[in-house]
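>>> Model the structure of this input:
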Amino acid sequence: MARSPEELGVTHGAGARRSLSALPPLLLLAGLLIGLFTPDEVRPLAFLATGMVSAAALLPLWGTVLAGVGGCAIYLGLMVHFEALTDGTAYSELATLAAIAGFAVFLNRLMDRRARQLVQVRSVAETAQLAVLHPVPRHVGHVTLECLYLAAAAEARIGGDLYEAVRTPQGVRLIIGDVRGKGLLAIEAAATLLSAFREAAHDTPDLPHLARRLETSIGRRAAQYPTVPGSEVAERFITALLAEIPEDEPVVRTLTCGHPPPLLLRQGEVRELRASAPSPPLNLGMLVSEEYHVDLAPFHPGDQLLLYTDGVTETRDRTGTFYPLAERVRAWSGESPHHLLNHLHRDLIAYSGGELDDDVAALVARRRPKL
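Below is the predicted model:
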């Protein structure tokens with residue numbers, strides 16, 4: 001369920017653009033009124049020129065052409081009205097307006113071309129992101145899963161949020177992570193981690209061994225690029241949370257590497273599973289010598305586990321207040337994973353006013369009753 005805000009009909013930017021589209025004709029009208037009803041020393045040239053240039057940014061080509069022709073026609077009409085057809089200064093100003101009108105058309109074409117290029121870049125970025133985040137099956141063993149991914153609206157700054165679920169002999173193993181930084185390097189780091197997880201999850205006997213395998217893979221990748229100028233590859237780290245849901249025990253095991261704690265949802269209650277001894281993010285494991293620590297919590301049929309990246313809890317409203325995830329999700333804790341993430345999706349968009357500043361990823365796992 002990797003969807004963007006546009007799929008929910010969030011059209012704040014389009015609505016603002018439609019509202020501003022009235023600005024060019026209003027500026028032209030203001031120029032006409034100023035020319036007719038103010039003293040001679042008050043010139044309408046600035047309003048007419050501003051109306052033409054604003055049309056280039058706010059209107060399609062035909063609107064920009066009409067604004068240019070209209071602005072020049074208004075000024076010429078004022079010249080006729082005030083019998084200024086022999087005034088050289090007036091003709092100079094009319095020529096200036098005609099030049100501005102031509103520039104506005106050129107600017108409109110340039111901005112339209114850039115907009116089309118941005119759409120293509122976004123499309124490529126989304127394709128790259130989806131190539132890394134393979135669709136997670138709805139049912140994996142004894143667990144029902146649902147995923148959510150929302151890309152930040154800012155241009156094409158693809159991020160490194162990631163998630164995966166694998167059925168192994170030890171149970172269903174989950175990972176959710178967040179690569180520091182943006183762009184293709186973040187995608188590459190996420191792809192490296194997910195590839196390592198998909199392979200190592202089947203072979204390692206427990207979560208500490210799995211975390212060490214992932215640390216080794218990320219460390220090897222960073223060691224390959226020690227001198228890439230400006231790449232920050234060697235400094236790039238990944239926060240991650242590993243979870244294991246065994247089939248024959250009503251528990252969930254979690255291991256935290258600098259990642260936000262998951263939420264356990266049970267019968268209307270929300271419990272934050274904070275790590276008793278959190279480990280540093282991946283690619284920073286060499287900074288400490290302690291062993292990875294696993295936390296254990298009851299996880300019965302019907303219980304749900306919500307894993308998420310910090311893009312969720314760091315979403316802000318217009319006052320700058322962070323999104324209160326545990327408080328908001330309590331009302332939906334009895335919903336199915338699919339409906340729970342639908343509620344979360346819509347609530348995040350509404351809370352942020354449609355302007356997400358960071359990528360958002362979430363994964364819900366629900367233990368199904370034994371048949």
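>>> From now on I want contacts and neighbour counts done on CA atoms only, so please keep to that.
Fine.
>>> what number of residues lie near Arg318?
10 (other CA atoms under 10 Å).
>>> Quick one: residues contacting it.
Going by CA atoms under 8 Å, 6 or more residues apart in numbering, Arg318 touches Ser352, Gly353.
>>> give me the element it is part of.
Using DSSP states H and E, Arg318 sits in no helix or strand.
>>> ditto for Cys257
Per DSSP H and E: strand 251-257 holds Cys257.
>>> Packing partners of that strand?
helix 207-223, strand 238-245, strand 295-298 (3 or more CA pairs under 8 Å, 6 or more residues apart in numbering; DSSP states H and E).
>>> Distance from the chain centre to the shortest one, please.
The offset between the C-alpha centroid of strand 295-298 and the centroid of the whole chain comes to 32 Å, using CA atoms, centre = their mean, to the nearest Å.
>>> Name the strands paired with that strand and say parallel or antiparallel.
In the sheet, strand 295-298 lines up against strand 251-257 (antiparallel) (DSSP bridges).
>>> What residues sit buried inside the helix or strand just after the strand it pairs with?
Next in sequence after strand 251-257, counting helices and strands by DSSP H and E, comes strand 263-266. Buried residues in strand 263-266, defined by neighbour count with 16 or more other CA atoms under 10 Å: Leu263, Leu264, Leu265, Arg266.
>>> just to revisit the earlier point, could you list the buried residues of the strand holding Cys257?
For strand 251-257, burial by neighbour count (16+ other CA under 10 Å) applies to Val251, Val252, Arg253, Thr254, Leu255, Thr256, Cys257.
>>> try stretch 241-251
Quick answer for stretch 241-251 (16+ other CA under 10 Å): Leu241, Leu242, Ala243, Glu244, Ile245, Pro246, Glu247, Val251.
>>> in this structure, which spans are strands?
Counting by DSSP state E, the chain has strands at residues 139-140, 143-150, 159-168, 171-182, 238-245, 251-257, 263-266, 269-272, 295-298, 304-308, 360-367.
>>> Can you say which of those is nearest to Leu23?
strand 143-150 (32.8 Å; CA to CA).
>>> And the average pLDDT for the closest one is what?
Throughout strand 143-150, pLDDT has a mean value of 92.
>>> Which other helices and strands does that strand contact?
helix 337-352, strand 360-367.
>>> Show me the one of the ones you listed that comes nearest Leu174.
With CA to CA as the measure, strand 360-367 is the member of these nearest Leu174 (8.8 Å).
>>> Check the offset of stretch 351-361 from the chain's centre.
Computed by CA atoms, centre = their mean, the chain-centroid distance of stretch 351-361 equals 6 Å.
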